[in-house]
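A.B. asks: compute the structure for the input listed below.
(chains A and B)
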Amino acid sequence: MIAAEPLFRAERLSKRYGGVVALDRADLEVHPGRIHAILGENGAGKSTLIKLMVGVVAPDEGRMTLEGREVAFARPAAATDAGVVCIFQELSLIPDLSVADNIMISHPPTRLGMIDRRAQRRLAEEALARAGAGDIHPRALVKDLPLSRRQMVEIAKALSRQPKILILDEATSALTASDVTKVFEVLKRLRAEGLALLYISHRMHEIAELADECTVFRNGRRISTFAAGSKTDPEVIELMIGREYKHVFPDKPERKADGRSPALQCRSLTWNDRLKDISFSLHAGEIIGLGGLDGQGQRELLLALFGVLRGCRGDILIDGDKVQIESPVTAKSERVGLALIPEDRKTEGLMLPMSVRDNLSAAAFDRFARFGVIDRQRQSALIDEMIRLIEIKTASADLAVSALSGGNQQKVVIAKWLMNKPRIILLNDPTRGIDVGTKQEIYRLLRRLADDGAAILLYSTDYDELIGCCDRVLVMYDGAIRRELSGAEITERALVSSALNVHDSEPASVP
Amino acid sequence: MTEWRYWFSEQRGTLLAIGIFAAMFLIYSTNHPAGFSVNMVQTAANKATLLAFVAMAQAIVVITAGIDLSVGMILTLTNCLASWIVVGTATETALGVIGVLGTGLLCGMINGAVVIFGRLQPIVTTIATGAMYYGIALFLRPNPGGSVNETLADALTGRLFGVLPTSLVALAVAALVIWVPYSRSVVGRAAFATGSSEVAAYMSGAPIRAAKFTAYALAGLLSAIGGLFLTFFSYTGEAAYASGNAYTLFSIAAVVLGGVSLMGGRGSAIGAIFGALAFRTIGDLLFVFDLDPLWQPLFQGIVLMLAVSIGAFGLVRVRNRLEWFG
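C.D. replies: Now for the predicted structure:
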């Protein structure tokens, strides 16, 4: 450990919500010019610690000092002014404002009391360039940008505030691989400039690459602080989950060709210029991964299969029979049996203020309704069964979904679609921003579903997941399937190179 | 070229409102028995100005994702007050005008304070305060009556340089002095941010409370300007319940016509002004085509429906069905 006086020090910070202790006498020291990784499962107290640091909530006890002076931030703006800036996991961007407006929202340059738009534009462009996102137009509306671009805007916004301490809470979870590389360069440069960085991520290899020191939290308490690289990954994960860490991924069974027609087959699926001549087949009992950089058409492919996109050309075959899927209603009908588990659980997957019961029922009313009237008993039986099956931790099925942790919310999304007993399950990055323990449960669940005869198509931005979970991986690039990997071919190296469209025999057709 | 496209997409709602108004006014003026004349413009302007002020007020609140159902009642209250105090010598009249505008501002500030500190829904708050404002108006003018400084009234409802309707000039000045600085200020930006996503605005450290408070206060002020002009047109004060309510409802229609999103975060008071002008032109169209005035509510409804549908045309081109709900 270094002897120098820390830039920021938290001493015995505690926070309770009702009877739940979110943070229990936590200590933390943050030094300038270092990247400090905070690790822990969801609900371990990391988010609470950060909310205390940036003034979103006030501590019940304990004290914080910044540059030797005691501080207490009443509002996020106060923390920002003092130089403590956080990039939140839940985006803090305003959808209807432009990129420049968003970047400069808390401290716009003014002239005669009005915002100087020319100066604002210049400052925003500088901030975007500093974040390595100079390709984003400052006048574009945030709501028109894809998720990964918004995250870059978020980073630019934080940098424009000249922070002393920059906190990144799962800031890379929505980023594409090339953006992550850029962001890492930016972060390393900021470290060299003497900034203190707090880095929260569930991705172990990111922490290995970036962090100087690590602190592990569990159940609201600080468990251990150690120099990065002094512990192995399994050791770190054991600290995080508090039990022995065996296999994150379930074993892959040996697959035998059974001569049956594939559960789902695509032939030359094409949509606008976003999907190009997509052909593949997916068999019952198989998990196929969709890989590649973010935004190469994976999301569109899932939506096209689910009947959301209009004007698709090409054939879709279910169990060898050609079908026309013109809407999600057809897609989830018994004849087709598709389910799509969406990416953005907050908006597309769940009705947050409604109960677990209502959410689980939403896509499956016809399973327990008779002549349009809901059979309450049958509904309860099915829902209890599902809550048990996928181990949703909720006190009651009548609790609002918004009260559950992120991991459990995601389980509700999955359970909601399993209520229909689908035969083909499409998943759009289901484990983004979820803790290791829940991830593990989701992997086991997917394998169990496949073993029971479901065909699974899994889009993931996490390479480890594609390697550990999938029987085959289709790597997409620019709307087309660039490469198919199976079995031992699925390595990080192969995934990255095909995702970047290199090592290809034909010349790259980069637009 | 792309700069131009961004500008266009920012101003689309406002431009659409201007387009609708221009088209309707063209039909109106070409079919007018007397043809296009200064007189005709002045009459049309005077009729539309009141609604335009109230629509601006409504737009400013709606942008924060709120709604102000008391604007019509503030108009009524300030009309009754003006019929008492905007009289006498030049100094007395000036003080009276300040008193009327101050009252409107105060009404708006009360709305804002209750919404912010009482944490009540804007819709409930402003129904209640609106009823209170009407009650006070009824105290002031149990029966229609009173008077106003007619010199000032005639000056502000007449013509400038013999051509420009003064009421339109007043409208433009109000837009220039109130809306433009507000929308470009830090507080105004925060108002848009609050309307678009209040949580994100809070997290970003935008002054949410100041933004909401200012929005309701300005809405009160603009409604009071409307009330003042109503007095200038009618020379009297009247606590007319139905007309107050009609102004409130029409202000929402004008705001929608003017391309302001009822979800908040998007739109401009300029759009709302043109929305109001367009909405008022509907009645005039019936007049030039010699239709029974009984048709007016029906036609206003149809035009409103059509105008709102134009905004939805973009959905026809949507290839990804999820964007229907965006």
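
A.B. asks: CA only for contacts and neighbour counts going forward, please
C.D. replies: Will do.

A.B. asks: how much space separates B:Leu294 from chain A?
C.D. replies: 41 Å (Cα to the nearest Cα, to the nearest Å).

A.B. asks: report the separation between whatever residue of the stretch 1-150 of chain B ends up closest to chain A and A:Ala127.
C.D. replies: For the stretch 1-150 of chain B and chain A, the shortest gap (Cα to the nearest Cα) falls at B:Tyr6, measuring 6.5 Å. Going from B:Tyr6 to A:Ala127 by Cα to Cα, to the nearest Å gives 20 Å.

A.B. asks: give me the more crowded residue out of those two.
C.D. replies: Taking other Cα atoms under 10 Å in any protein chain shown, B:Tyr6 and A:Ala127 do not tie; A:Ala127 has more neighbours (25 against 17).

A.B. asks: so who does that one touch?
C.D. replies: A:Ile103, A:Ala156, A:Lys157, A:Leu159, A:Ser160 (Cα atoms under 8 Å, 6 or more residues apart in numbering or on different chains).

A.B. asks: what do you get for A:Ala499?
C.D. replies: Taking Cα under 8 Å, 6+ apart as the test, what A:Ala499 contacts is A:Gly291, A:Gly292, A:Leu293, A:Val475, A:Met476, A:Tyr477, A:Arg482.

A.B. asks: out of the residues you listed, who has the most neighbours?
C.D. replies: Neighbour-wise, these (other Cα under 10 Å) top out at A:Gly292, 32 neighbours.

A.B. asks: wait, it sits on A:Val496?
C.D. replies: Yes: using Cα atoms under 8 Å, A:Gly292 makes contact with A:Val496 at a distance of 7.5 Å.

A.B. asks: now the contacts of A:Ala499 as a markdown table including secondary structure, pLDDT and distance to B:Gln58?
C.D. replies: Output for the contacts of A:Ala499, formatted as a markdown table (DSSP: H, G, I helix; E, B strand; the rest coil; pLDDT from 0 to 100; distance: Cα to Cα, whole Å):
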| residue | secondary structure | pLDDT | distance to B:Gln58 |
| --- | --- | --- | --- |
| A:Gly291 | strand | 87 | 49 |
| A:Gly292 | coil | 82 | 48 |
| A:Leu293 | coil | 75 | 46 |
| A:Val475 | strand | 91 | 52 |
| A:Met476 | strand | 90 | 49 |
| A:Tyr477 | strand | 84 | 49 |
| A:Arg482 | strand | 88 | 54 |
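
A.B. asks: mind picking the two most distant members of the residues you listed?
C.D. replies: The span of the contacts of A:Ala499, defined through Cα to Cα, is set by A:Leu293 and A:Arg482 at 11.6 Å.

A.B. asks: what's the neighbour count on the residue of the stretch 351-500 of chain A found nearest chain B?
C.D. replies: Of all residues in the stretch 351-500 of chain A, A:Met351 sits closest to chain B, with a separation of 14.4 Å (Cα to the nearest Cα). By other Cα under 10 Å, the residues close to A:Met351 number 18.

A.B. asks: now do A:Cys86 against A:Phe226, distance only.
C.D. replies: For A:Cys86 relative to A:Phe226 (Cα to Cα), the value is 23 Å.

A.B. asks: swap in A:Leu340?
C.D. replies: From A:Leu340 to A:Phe226 the distance is 42 Å (Cα to Cα).

A.B. asks: which one's more surrounded, those two?
C.D. replies: Shown here are A:Leu340 and A:Phe226; by other Cα under 10 Å, A:Leu340 has more neighbours (24 against 14).

A.B. asks: ok, the more buried one to chain B distance?
C.D. replies: For A:Leu340 relative to chain B (Cα to the nearest Cα), the value is 13 Å.

A.B. asks: so B:Arg184 makes contact with A:Gln120?
C.D. replies: No: in this structure, B:Arg184 is not within contact of A:Gln120 by Cα under 8 Å, at 11.9 Å.

A.B. asks: report how many residues lie close to A:Gly289.
C.D. replies: Considering only other Cα under 10 Å, A:Gly289 is surrounded by 27 other residues.

A.B. asks: again, but for A:Lys164
C.D. replies: 22.

A.B. asks: ok, A:Asp258 next?
C.D. replies: 8.

A.B. asks: which parts of stretch A:196-212 are buried?
C.D. replies: Residues A:196-203, A:206-208, A:210-212 are the ones in stretch A:196-212 that count as buried (16 or more other Cα atoms under 10 Å in any protein chain shown).

A.B. asks: could I get these as CSV with distance to chain B and secondary structure?
C.D. replies: CSV is the format used below for the buried residues of stretch A:196-212 (distance: Cα to the nearest Cα, whole Å; DSSP: H, G, I helix; E, B strand; the rest coil):
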residue, distance to chain B, secondary structure
A:Ala196, 20, strand
A:Leu197, 19, strand
A:Leu198, 18, strand
A:Tyr199, 19, strand
A:Ile200, 18, strand
A:Ser201, 20, coil
A:His202, 23, coil
A:Arg203, 25, coil
A:Glu206, 26, helix
A:Ile207, 26, helix
A:Ala208, 30, helix
A:Leu210, 27, helix
A:Ala211, 26, coil
A:Asp212, 28, coil
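
A.B. asks: pLDDT for those - can I get that in TSV?
C.D. replies: TSV is the format used below for the buried residues of stretch A:196-212 (pLDDT from 0 to 100):
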residue	pLDDT
A:Ala196	92
A:Leu197	91
A:Leu198	91
A:Tyr199	90
A:Ile200	86
A:Ser201	78
A:His202	69
A:Arg203	71
A:Glu206	80
A:Ile207	82
A:Ala208	82
A:Leu210	87
A:Ala211	89
A:Asp212	91
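
A.B. asks: so how far is A:Tyr459 from the spatially most central residue of chain A?
C.D. replies: Taking Cα atoms, centre = their mean, the centroid of chain A lies closest to A:Arg432, which sits 2.5 Å from it. A:Arg432 sits 11 Å away from A:Tyr459, going by Cα to Cα.

A.B. asks: much appreciated, bye for now.
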